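Novice: This is the structure alone, sequence omitted:
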Ligand SMILES: Cc1cc2nc3c(=O)[nH]c(=O)nc-3n(C[C@H](O)[C@H](O)[C@H](O)COP(=O)(O)OP(=O)(O)OC[C@H]3O[C@@H](n4cnc5c(N)ncnc54)[C@H](O)[C@@H]3O)c2cc1C
């Protein structure tokens, strides 16, 4: 998508969940105190810009294959299992995916097969802040993964589920052994939390940094028609406006956001 579309009376920002809040803040639209720290003149104080940074945290349960099991020559993820964590009120909040990543990890002793465990409705949220007034300098991104105990509990359960799956006779034919987490990592919640915090990674599904919401929500950045609160000629139409990350990969939802925004403009909303 283009980053900035403009007609005489309308600007549409579609730079994605990292660059859209960055560009808004560089333009003086964002948390006033933060903008002043960097000497940026405040055009409109919007505390939610760059906050509520969502993603799908994931970890890889890594396995070594038995001698003679052929390795795929491309990265692949053919099947995925969605399930609801024990005690969860948000159905299908978890996803596990057997994965061959030998094009990514194939180096020496590092095993290339894994089962990825993804927390697809994490309650934790991070923060994106400017580090410079130079638009070519990346903003800082603090994901704050797994700070929330409920997020850690669900991811622990997912990892233990994968360890159990690997004990299944079907896997026994091809898997030599689980490499990570080790049995010691699985021995207690505390040990597993340490392993999770050392290994948690992004799913590249960053969203929520200019979230949609009513004007009564001080952290809302755009209204229900994608218009920036207080700057109604400016709209944002990308993954940044999701109030929360969706429980699926984010590409298709982002396309629908753009389609809906186009409809709103055509309808004069
Ligand atoms: C490695 C990776 C793998 C992914 N895999 C999947 C997947 O398998 N399935 C899935 O559903 N989702 C996937 N995603 C997520 C998906 O790509 C994003 O959710 C989606 O692209 C978000 O769309 P967007 O329009 O918000 O942002 P983007 O697609 O990032 O579009 C923003 C555009 O703005 C441009 N831009 C930014 N700043 C400027 C500037 N200052 N000037 C000019 N142009 C600018 C960027 O170059 C970019 O083209 C993946 C993401 C990554 C990074």
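Specialist: Done, it's in. As the structure is a computational prediction, the values presented were derived from the model and not from experiment.
Novice: so which helix or strand takes in residue 12?
Specialist: Using DSSP states H and E, residue 12 falls within strand 10-13.
Novice: helices and strands around that strand, which ones?
Specialist: On a contact count with 3 or more CB pairs under 8 Å, 6 or more residues apart in numbering; DSSP states H and E, strand 10-13 meets strand 4-7, helix 16-26, strand 231-236. Placement of C-beta: from N, CA and C, glycine included.
Novice: residues from the protein in reach of the ligand?
Specialist: 1, 3, 14-17, 19, 135, 204-205, 238-239, 249-252, 254 (CB under 6 Å from any ligand atom).
Novice: mind running it again at 8 Å?
Specialist: 1-4, 14-20, 22-23, 135, 203-207, 237-240, 248-254, 257-258 (CB under 8 Å from any ligand atom).
Novice: ChimeraX command for the buried members of the residues you listed?
Specialist: A single ChimeraX command selects the buried members of these (16 or more other CB atoms under 10 Å):
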select :14,15,16,17,18,19,20,22,23,203,205,206,207,237,238,239,240,249,250,254,257
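Novice: buried residues in the strand holding residue 12?
Specialist: So for strand 10-13, counting by 16+ other CB under 10 Å, buried means 12, 13.
Novice: Kindly report the same for stretch 226-244.
Specialist: 226-229, 231, 234-243.
Novice: What's the mean pLDDT across stretch 123-140?
Specialist: The pLDDT scores in stretch 123-140 average 98.
Novice: end to end, how far does that stretch reach?
Specialist: Counting by CA to CA, to the nearest Å, the length from the leading to the trailing residue of stretch 123-140 is 21 Å.
Novice: Mind listing residues that contact that stretch?
Specialist: 18, 21-23, 25-26, 34-35, 38-40, 50-55, 57, 141-148, 150-151, 208-209 (CB atoms under 8 Å, 6 or more residues apart in numbering).
Novice: Now do the buried residues in it.
Specialist: Buried, per 16+ other CB under 10 Å, within stretch 123-140: 124, 125, 126, 127, 128, 129, 130, 139.
Novice: For the ligand, see how far away the third one is.
Specialist: Put plainly, it is residue 126. When CB to the nearest ligand atom, to the nearest Å is the yardstick, residue 126 and the ligand sit 16 Å from each other.
Novice: ok, that residue to residue 164 distance?
Specialist: Using CB to CB, to the nearest Å, residue 126 is found at 31 Å from residue 164.
Novice: quick one on the thing from earlier: which one in the buried residues of stretch 226-244 is the model shakiest on?
Specialist: For these, the pLDDT minimum is residue 231, 90.
Novice: How about that residue: which residues does it bridge to?
Specialist: Note on residue 231: beta-bridge partners by DSSP bridges are residue 228.
Novice: about what we covered before: and the strand holding residue 12, average pLDDT?
Specialist: If you average the pLDDT values across strand 10-13, you get 94.
Novice: Please identify the pairing partners of it and their relative orientation?
Specialist: Sheet pairing for strand 10-13, assigned by DSSP bridges, gives strand 4-7 (antiparallel), strand 231-236 (parallel).
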